[in-house]
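1. sequence plus the predicted model coming up.
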Amino acid sequence: MMADDQSLAKLEQLIGEIGDLNSKLVMLVGPSRSGKTQLLRQLGTKLNIEPLNVGLDLGRRLAATPNSKRGFSAGELLREMADRERTENLLLLDNLELLFEPSLQINPLDLVRRLAHAKPVVAVWPGELRGDRLVYADMSHPEHRDYSRDGVVVLEI
């Protein structure tokens, strides 16, 4: 399924508008199977940028890292991966679920927000938007997180 052209146009418009912000982060938010990944890929194809599969790429690198150092390493490795992309203009992130792993003891939103200080980032949020809160997993779930959307431009899909 292709994301509709309207969503892509809106996304491109938002990317153009965030250039002056301190944190240049656009978060794609919507229910499961709503087309967030397709939209990210479509943007990537149009701009010739390969989206980063955080779960796959970071997971592979963390597997070689001792458990006790993984939380600290996750941020470092993600930054290295982002820098390796060498696209000064835009970083596309998908499959962020790994960052919510409780054993890492990191704040996934903060991590992605920090990447967005250096360059614009478009990321797929693996949870939902409730009011002005970005929520991941149900409250009863061990990976549950609830963040203010401050500093994040949200595109609801």
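-> Received, thanks.
2. middle-most residue in the protein, spatially?
-> Among the residues of the chain, Ala123 comes closest to the average C-alpha position under C-alpha atoms, centre = their mean, at 3.0 Å.
3. can you pull the contacts of that one?
-> Ala123 makes contact with 25-28, 92-94, 96, 112, according to C-beta atoms under 8 Å, 6 or more residues apart in numbering. Any C-beta I mention is one placed from the backbone N, CA and C, and that applies to glycine too.
4. how about a cut-off of 10 Å?
-> The neighbourhood of Ala123, defined by C-beta atoms under 10 Å, 6 or more residues apart in numbering, consists of 25-29, 36, 40, 51-52, 54, 91-96, 108-109, 112-113, 115-116, 152.
5. swap in Leu8?
-> When contacts are counted by C-beta under 10 Å, 6+ apart, Leu8 is found next to 2, 38-39, 42-43, 46.
6. can you tell me which of those end up in helices?
-> When DSSP state H is applied, those are split such that 38-39, 42-43, 46 fall in helices.
7. now the lowest-mean-pLDDT helix or strand in the chain: buried residues?
-> When each helix and strand of the chain is scored by mean pLDDT, DSSP states H and E, helix 70-84 comes last, with a mean of 89. Within helix 70-84, the residues that qualify as buried are 70-71, 73-75, 77-78, 81-82, counting by 16 or more other C-beta atoms under 10 Å.
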